[in-house]
Structure formats: structure tokens, C-alpha cells
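Visitor: quick one: sequence and predicted model below, then my questions.
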Amino acid sequence: MKKVNLGLYLHVPFCLKKCPYCDFYSIETKVTKYLENKFLKALKEELKLLKNFLEERFEIKALSFITFYAGGGTPSLLSPYFYEDLFNFLTKNFNFSPKELTLEANPETLTLEKTKAFYEVGFNRISLGVQSFSSRGLKFLGRLHTQKNIFKALGFIKKSGFKNFSLDFIFGWKGQGEKTLKREILKALKFNPPHLSFYELTLEKGTPFYQIFKGEKYWIKDEKLMNLYKTIEEILEKNGYERYEISNYAIPNYECKHNLLYWKLKPYLGLGPSATSRVENLRWENPRNLNYYLNSLLKEKKLPLKIIENLNSYELAKEYIFMGLRLKEGISLKELKRKYNYYLPKNALDTLIRENLIKEEKERISLTFKGKLLHNQVVYYLWEKLCS
């Protein structure tokens with residue numbers, strides 16, 4: 001019987017208000033004690049069933065969870081006692097001693113008392129969804145919180161004992177220029193965050209923003225977007241942050257351990273509606289439907305698996321390229337051949353080097369600044385050139 005180290009992700013599908021750009025699964029609702037208890041009960045059932053599933057399917061007997069990440073939705077809407085109960089259950093039934101336990105939080109949901117309680121039940125990292133340090137930006141993005149809420153929340157985080165926290169931003173919103181972005185970054189740096197994420201605003205199908213703007217960010221041209229990326233990278237690197245992944249910056253040793261598992265194709269389990277899991281070559285997903293999820297687990301006592309995908313070596317090689325090239329370290333050409341039995345021909349790599357999209361060093365390739373802007377195009381080109 002095998003022992004496996006995994007990351008554990010929990011998708012909390014509750015929000016006070018759905019943001020117009022967000023395509024993650026969530027529902028607008030007030031989280032009552034009843035709903036919280038029902039959700040907790042379903043999660044415990046899911047964990048029990050997953051344990052059996054992994055034992056039968058992969059002969060995995062011992063599960064060790066090395067990271068925990070509560071994402072959403074708005075995980076900070078749930079009470080600290082919910083997480084305390086869940087962590088106790090995990091400790092009792094699994095090897096649960098993660099080095100990193102992250103809670104995604106929105107500024108308007110935190111109080112000093114609640115933030116302290118989150119720290120006391122075991123969280124040691126908070127990812128704060130600030131999205132913008134500009135009142136115009138917050139208004140455009142349809143956020144509930146104000147700059148004042150952000151400053152208060154950061155005060156709570158510092159006073160509660162959290163040494164590790166991240167600030168999440170969305171950039172490229174209508175009306176944001178380089179000067180505004182620079183001001184936002186400098187405001188953020190006053191709080192000495194060990195980690196920052198900068199996600200370019202994308203118009204996802206099915207979101208209100210996609211309908212409003214007809215799927216087109218007409219206000220931002222390629223050159224302006226490139227300058228925004230440059231502004232972020234230049235200011236942060238000057239201040240001791242490393243761009244260790246396309247959208248993520250950290251001071252040394254504060255990279256997000258949980259997300260690194262995804263980018264490095266390590267195994268992880270996802271709990272909750274819409275969560276995905278991946279173990280060995282198998283990937284599956286829970287449905288984006290809370291009622292279906294709760295009924296499957298609480299009434300039918302079965303896993304609510306929607307998609308089961310068995311990845312072959314070609315699909316794994318493609319994923320290795322896609323995920324690996326998001327990281328500063330890039331991918332190993334040796335590893336590509338050894339693990340997946342595929343290689344990239346020299347002429348394909350030379351073309352990208354000439355175009356200043358990738359660099360090659362010691363049998364590794366990684367993206368240049370220009371390459372990071374065109375990550376998807378570079379990846380699709382390499383997929384077409386893969387040889388076995």
C-alpha cells in the first residue's frame with residue numbers, strides 16, 4: 001500500500017455579492033449556522049468517501065496533507081469554528097500537519113476578533129482579496145469594500161499574528177493607467193506584504209462583464225497592457241520581490257506552497273462544489289451545483305464526481321509545458337523526455353529564442369518577459385511541435 005503527500009483545497013461557494021468579472025462557482029447567500037453545519041457534514045462525508053476511493057483505485061493507504069487552501073467564493077464568511085471542526089476531523093482521520101494553511105478573505109468580512117480566531121484555529125497565511133487600492137478601481141470592479149476596509153483588514157492581520165499574507169490585485173480595469181497602478185502598488189508596499197498576486201482582468205463567458213463589454217476590453221491595447229506588466233515587475237523587483245510565477249511575486253521563501261503543487265503537477269484533492277482533484281494520471285471535478293453536491297453526499301452517500309479524465313502521456317506532456325512555463329524556473333527538457341517520452345525539436349526552440357520569447361539554459365527552457373505576455377501562444381506553438 002502506498003503513502004502519498006497531497007495538497008488539500010476547499011472550495012467555499014458562498015459570497016455576500018457576486019463580482020461581475022468572476023466566473024468561479026459561487027452563490028450569493030447569507031451563511032446561516034444551519035447552512036454551515038450542513039456544508040461541514042457534507043465535507044466530512046466527502047473526505048471519508050475519497051479515502052475509500054483512493055484506496056480502491058490507487059492502493060493508497062496513507063494520505064498526508066502537506067498544504068491546505070480555502071478558496072472561493074468567500075471562505076472568510078464561514079466561522080473560525082467551522083474550520084476548527086474540519087481540522088479536528090482531518091487530524092483524527094488523516095495525517096494532517098500542513099506547513100501552510102491559507103485562507104482567502106475579503107476585507108469587509110474580517111474583524112479583529114474573527115481574524116485572531118482564524119489564526120488560533122490553525123491558519124498561518126491569509127490571501128486578502130483587495131483587488132485595487134483605488135476607489136475608482138473598486139467601484140468599476142463592483143467590490144463591496146472600500147480602501148478604508150482594506151487598511152482595517154490589514155491592521156487585523158498584523159495584530160492577529162499572521163507573518164505570512166498575500167494581497168490579490170486585478171489590473172487592466174477601465175480607467176487604470178500606469179500612474180494609477182504605480183500608486184496602488186506603492187500603497188500596498190507600505191504594509192510589507194510577503195506575497196502579491198496580480199491578475200489581468202479577463203472577460204469570461206457567462207459573466208456580467210462579458211455581456212456588458214461584449215467580450216472585448218476595448219479600453220486597453222497591447223502596448224498599454226505590456227506597460228502595466230512592466231510597471232508591476234519593475235517596482236516589485238526593485239523592492240526585493242521575485243516574479244516566481246507569471247501572476248505571482250514573493251520575497252524569498254514566501255512563495256505559495258499550495259499553488260506550487262498545481263504548477264509542478266503534484267497530487268492534490270479538491271473538496272466542495274466545482275473543486276478539481278488530481279492524483280497520478282487521474283483528474284476529476286465536482287459539479288458546479290451546491291444542491292447536487294449536498295444531496296449526493298448527505299442523501300445518496302456517494303461522491304459527486306462529474307468528470308473523470310485519465311490523462312495519457314501526451315496530455316501529461318502538454319500539461320507539463322503549460323504549467324511549467326508559468327514558473328520562473330521553466331521546464332526541464334530532460335524531464336519532458338524521461339517522464340513523458342516526448343521531446344521538443346531544436347528548430348522549434350531556436351525559433352522562439354530568435355523571437356526573444358524563451359531562453360534556454362542547462363537543458364531548461366523558460367519564458368522571457370515578452371514570452372510571459374504571450375504564454376498561451378508560446379505553449380500552443382510548442383504543443384504543435386511535440387515529438388515522441
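Guide: Ah, there it is. It should be emphasised that the depicted structure is a prediction, and the values quoted were computed from it without experimental measurement. Numbering: from 1, shown residues only.
Visitor: helices and strands of the chain: which one has the lowest mean pLDDT?
Guide: The weakest-scoring helix or strand in the chain, judged by mean pLDDT, DSSP states H and E, is helix 208-212 (a mean of 86).
Visitor: then the helix or strand just after that one to CSV, C-alphas only?
Guide: Downstream of helix 208-212, the first helix or strand assigned by DSSP states H and E is helix 222-238. Provided in CSV are the C-alpha atoms of helix 222-238 (Å, rounded to 0.1, in the frame of the first residue of the first chain):
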residue,chain,number,x,y,z
ASP,A,222,-1.5,45.5,-26.2
GLU,A,223,1.2,48.2,-25.7
LYS,A,224,-0.6,49.7,-22.7
LEU,A,225,-1.1,46.2,-21.2
MET,A,226,2.6,45.5,-21.7
ASN,A,227,3.5,48.7,-19.9
LEU,A,228,1.2,47.8,-17.0
TYR,A,229,3.0,44.4,-16.7
LYS,A,230,6.4,46.2,-16.8
THR,A,231,5.3,48.7,-14.1
ILE,A,232,4.4,45.8,-11.8
GLU,A,233,7.5,43.8,-12.4
GLU,A,234,9.9,46.8,-12.2
ILE,A,235,8.5,48.2,-8.9
LEU,A,236,8.3,44.8,-7.2
GLU,A,237,11.7,43.5,-8.3
LYS,A,238,13.3,46.8,-7.1
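Visitor: before we move on, the earlier item: contacting residues around the least confident helix or strand of the chain?
Guide: 20-21, 203-204 (C-beta atoms under 8 Å, 6 or more residues apart in numbering). (Glycine included, C-beta is placed from N, CA and C.)
Visitor: by neighbours, which of those wins?
Guide: residue 21 (22 neighbours; other C-beta atoms under 10 Å).
Visitor: could you measure from the closest residue to it other than its chain neighbours over to residue 68?
Guide: Counting by C-beta to C-beta, 6 or more residues apart in numbering, residue 21 lies nearest to residue 209, which is 4.6 Å off, once chain neighbours are set aside. From residue 209 across to residue 68, the span is 31 Å (C-beta to C-beta, to the nearest Å).
Visitor: go on, residue 267?
Guide: As judged by C-beta to C-beta, residue 267 and residue 68 stand 14 Å apart.
Visitor: then residue 139?
Guide: Noted for residue 139: a distance of 34 Å to residue 68, by C-beta to C-beta.
Visitor: those two: which is more packed in?
Guide: Between residue 139 and residue 68, counted using other C-beta under 10 Å, residue 68 has the larger neighbour count: 25 against 13.
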